[in-house]
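# predicted model and sequence follow; I will ask about them next.
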Amino acid sequence: MIKNKDITCISSIDWDFIWQGHQEIMSTFAQNGNRVLFIENTGVRTPGIRDIGRIINRIRNWFKGIKGIRKEEENLYIYSPIVLPFPYSRIARWFNRHLILSILTKWMKVTNFNDPIIWTFLPTPLSLDLIDNLSHKILIYYCIDNFSVSSVSARRIHRSEIKLIKRADLVFVTSQELYNYCSAYNKKVYIFPFAVNFEEFEKIRLKDDSTPEEIRGIRKPIIGYIGGVHKWLDLNLIKKSAEKYSDCSFVFIGPIQTDISLLSDLKNVYFLGKQDHKKIPRFIKNFDVCIIPYLITDYTNDVYPTKLNEYLAMGKPVVSTGLPEVINFNIKNDNIVSVSRTEEDFFTSIKAALDDNDKGIVNRRILVAKENSWVKRNEGMSNLISYVLEQKANIPVNWQNILSKLYRDWRKKTVSLATVLLSVYLLMFYTPLFWGIANPLKISQPAQNADCIVVFAGGVGESGKAGQGYEERVQYSVDLYNKGYAKYIIFSSGYTYVFEETQVMKALAVSLDVPQEAIVLENKAGNSYENVKFTRDILMQKGWRKILLVSSPYHMLRTSLVFKKNAKDIKVTYTPLPRSLFYFRANKVGKIIQKRISLKQIKGILHEYLGILYYWWKGWI
């Protein structure tokens, strides 16, 4: 077996999920003196409500380590990355890639984890991104599932899986169907079905006669199942079997991953949930018959059930539906498993297994399991890995190829970065995103009769240029005045450019036929808080309590918050400009020609939100 290597495993399951080949292989490599970094599943589909528990567990595991990396045992490290859950989004991939690599590269540098073997179970675009950016000796893909038919959302994985198969130095598969599939793209494909830790199972079989407390009160005989209770189980077959053999107990050990309400009324069916993998041999030892009741589908046509050899290692009779891989297994091992092609076959096989007391068959099952042990599997895979490593070590370094690859990688990264930047640019400037963000800032109410019209001038306004914030506000206030909504106008601004802004506003209003005696000036305010404060003083002196407020459309929320806290005795009707030229571009006939938001407009909107935060911090709102 390989020794003294660094191995990065990109897993398709989490470390604390059901114990499978992923954990078995990597823990064995770690125990054999190799350092292993086990990267937990980053997803083949967008998670749903049923995944909430797994998400919470991932967050909990992230906090167990440093930036998600923790030491599980000697030579074995687990990385629980927190990622954006959109495995086929380019923007999410870009973010996830940079987040994961920023952590991994630092950890690898600190631990001197150099040029590892990359062993991936996961063929997603993000896995390819990590492989592209992590220096490695060789690349191994262990294809254990037909991901593209596992769920509708996972179908998009096919393209990245083909790329991975073509690039891999070695491809290991668990079934003949997967071998046929992978061999079309790579000639270095080898069948290594999942196996059994035979030595550990043998210890329990020979020396441990205890019964797990979870099944001590359950009536014998027990027909048992080990593994996830998922959508690939034939629940109708299980229901009919439990009804037919009502004097037997049907026990399921494993996490529930699908709706089992069909079986909820059956008193002889027990779901005991996920159990510590170290206890699994003891459970199986207490089973009388072991079952593999899978549906026959495009997905299960490629499945080699891990539990098969675990059952046999304890000498138990196995009854299975007609999975192609179980049939192939049976052909190679002299029909050691009862394979049922119909429901009646399944029922009959259970009855025969319950009556089976032949010690010779028991011993033959154990011998078959021994031939399918992880020791033999790991030795076979290690020999292939060592051969490829030796071949690569003997290939002279070609600086031209290396330099060409560096340039190709640079071009790829440049195109990727340009794509992300273009996407962000289009999202910001050519979609309603920022207008949607701005909407909560607007307050607009129908004009009604008031004591006066209050106009808050803008100083440099939203445009950032002096003298451009007041003209349209003056014009709009004059329109309201001429329509008879109020007899007075207050112009409020402490800003001075060449002249005091309030004086310029007054002059403009007078030129528009507003009498001078109808205009009141407030010329001390330096911000919106002071606009409200000093205007309130004037209103109180004049005995005015109802006002129409004129300002920028997106300035109204901040102003309303100031009024509510500092001028509660004033009734304000918020009448902003119907169409501010800073936020809307129009042609000569008044038709809106705005096609995209500008950077200045984005700054104006963000300025308002920052202003609200600043006013809150100052205690003005």
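Structure received.
# tell me where the stretch 101-250 of the chain has strands.
Here the stretch 101-250 of the chain has its strands, by DSSP state E, counting those that start in this stretch, at 117-120, 139-143, 170-173, 189-191, 222-226, 249-253.
# please parse the protein into its domains.
6-194+379-392, 198-372, 396-429, 438-618 (automatic domain parsing).
# and of the strands of the stretch 101-250 of the chain, who's closest to Arg365?
strand 222-226 (15.1 Å; CB to CB). Placement of C-beta: from N, CA and C, glycine included.
# for that closest one, which outside residues touch it?
215, 241, 245, 248-254, 280, 283-284, 286-293, 307, 310-311, 350 (CB atoms under 8 Å, 6 or more residues apart in numbering).
# equivalent analysis for stretch 524-535, please.
Outside stretch 524-535, the residues that touch it by CB under 8 Å, 6+ apart are 454, 456, 490, 492-495, 522, 555, 558-559, 562-563, 566-567, 611, 615, 618, 620.
# just these: which are in strands?
When the contacts of stretch 524-535 are checked against strands (DSSP state E), the matches are Val454, Phe456, Ile490, Ser492, Glu522.
# roughly how far does the fourth one sit from Thr559?
So that's Ser492. Using CB to CB, to the nearest Å, we find Ser492 at a distance of 11 Å from Thr559.
# more neighbours, these two?
Shown here are Ser492 and Thr559; by other CB atoms under 10 Å, Ser492 has more neighbours (26 against 23).
# in the protein, which helix or strand is least confident?
helix 399-429 (a mean of 81; mean pLDDT, DSSP states H and E).
# pull out the buried positions in it.
Buried residues in helix 399-429, counted by 16 or more other CB atoms under 10 Å: Phe429.
# picking up where we left off before, export the ones in strands among the contacts of stretch 524-535 to JSON lines and tack on distance to Gln445 and pLDDT?
Compiled in JSON lines, these are given as follows (distance: CB to CB, whole Å; pLDDT from 0 to 100):
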{"residue": "Val454", "distance to Gln445": "14", "pLDDT": "96"}
{"residue": "Phe456", "distance to Gln445": "16", "pLDDT": "92"}
{"residue": "Ile490", "distance to Gln445": "18", "pLDDT": "96"}
{"residue": "Ser492", "distance to Gln445": "19", "pLDDT": "93"}
{"residue": "Glu522", "distance to Gln445": "22", "pLDDT": "93"}
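# and which of those is nearest Thr211?
Phe456 (81.0 Å).
# quick one on the thing from earlier: to Trp232, which of the strands of the stretch 101-250 of the chain lies closest?
The closest of those to Trp232 is strand 222-226. By CB to CB, the value is 12.2 Å.
# now the closest one: average pLDDT?
Strand 222-226 carries an average pLDDT of 96.
# and for the chain, the residue most distant from the center?
Of all residues in the chain, Glu517 has its C-alpha farthest from the mean position, at 65.5 Å, by CA atoms, centre = their mean.
# any regions of the stretch 101-250 of the chain where pLDDT drops low?
148-154 (pLDDT under 70).
# can you give me the helices in it?
Along the stretch 101-250 of the chain, the segments classed as helices by DSSP state H, counting those that start in this stretch run 125-133, 158-167, 176-183, 198-207, 235-244.
# give me the next element, helix or strand, following the least confident helix or strand of the chain.
helix 433-438 (DSSP states H and E).
# who are the packing partners of that following helix?
With contacts defined as 3 or more CB pairs under 8 Å, 6 or more residues apart in numbering; DSSP states H and E, helix 433-438 has these neighbours: helix 599-618.
# mind redoing it with 10 Å?
helix 399-429, helix 599-618 (3 or more CB pairs under 10 Å, 6 or more residues apart in numbering; DSSP states H and E).
# coming back round to it: CSV for the strands of the stretch 101-250 of the chain, including mean neighbour count?
Below are the strands of the stretch 101-250 of the chain laid out as CSV (neighbours: other CB atoms under 10 Å):
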stretch, mean neighbour count
strand 117-120, 24
strand 139-143, 23
strand 170-173, 24
strand 189-191, 16
strand 222-226, 23
strand 249-253, 23
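# which one of those lies nearest to Leu235?
strand 249-253 (10.9 Å).
# how about the closest one as CSV, C-alpha atoms only?
Output in CSV follows, covering the C-alpha atoms of strand 249-253 (Å, rounded to 0.1, in the frame of the first residue of the first chain):
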residue,chain,number,x,y,z
SER,A,249,-39.6,-7.8,12.6
PHE,A,250,-38.2,-5.6,9.8
VAL,A,251,-35.4,-3.4,11.1
PHE,A,252,-33.9,-0.5,9.2
ILE,A,253,-30.6,1.0,10.3
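# give me the sheet partners of that strand and which way each runs.
Sheet pairing of strand 249-253 (DSSP bridges) gives strand 222-226 (parallel), strand 269-271 (parallel).
# that one vs helix 235-244, what angle?
Between strand 249-253 and helix 235-244, the angle comes out at 140 degrees (axes from the mean of the first three to the mean of the last three CA atoms, to 10 degrees).
# contact partners for Thr105?
Counting by CB atoms under 10 Å, 6 or more residues apart in numbering, Thr105 makes contact with Phe113, Asn133, Leu134, Ser135.
# in terms of contact, does the first one touch Asn75 like I think?
No. No contact is recorded between Phe113 and Asn75 when judged using CB atoms under 10 Å, the distance being 11.1 Å.
# between these two, which contacts overlap?
Joint contacts of Phe113 and Asn75 (CB under 10 Å, 6+ apart) are Asp6, Ile7, Arg35, Val36.
# which one (most neighbours) among these?
Within the shared contacts of Phe113 and Asn75, Val36 tops the neighbour count with 27 neighbours, counted by other CB under 10 Å.
# against Ser102, how distant is that one?
In terms of CB to CB, Val36 sits 21 Å off from Ser102.
# ditto for Val420
Val420 is 16 Å from Ser102, by CB to CB.
# about what we covered before: phi first, then psi, for the residue farthest from the centre of the chain.
Dihedral pair for Glu517: phi -70, psi -10, per degrees, to the nearest 10.
# mind checking pLDDT for it?
Predicted confidence (pLDDT) for Glu517: 94.
# isn't it up against Lys506?
No. Between Glu517 and Lys506 there is no contact under CB under 10 Å: 11.4 Å.
# can you pull out the strands in the stretch 251-400 of the chain?
According to DSSP E, counting those that start in this stretch, the strands that the stretch 251-400 of the chain contains are 269-271, 289-292, 318-321, 338-340.
# the second one pairs with which strands?
When you say that, I think you mean strand 289-292. strand 222-226 (parallel), strand 318-321 (parallel).
# would you list these in a markdown table and tack on distance to Ile538?
Compiled in a markdown table, those are given as follows (distance: least, CB to CB, whole Å):
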| stretch | distance to Ile538 |
| --- | --- |
| strand 222-226 | 82 |
| strand 318-321 | 87 |
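# quick one, which of these gets closest to Asp537.
Comparison of the strands paired with strand 289-292 against Asp537 by CB to CB identifies strand 222-226 as nearest, at 80.4 Å.
# need the CA coordinates for the closest one. CSV is fine.
Extracted C-alpha coordinates of strand 222-226, given in CSV (Å, rounded to 0.1, in the frame of the first residue of the first chain):
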residue,chain,number,x,y,z
ILE,A,222,-35.3,-10.0,12.3
ILE,A,223,-35.2,-9.2,8.7
GLY,A,224,-32.7,-6.3,8.6
TYR,A,225,-31.4,-3.6,6.3
ILE,A,226,-28.3,-1.4,6.7
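# can you tell which of the strands paired with strand 289-292 is closest to Leu354?
When these are compared (using CB to CB), the closest one is strand 222-226, at 8.1 Å.
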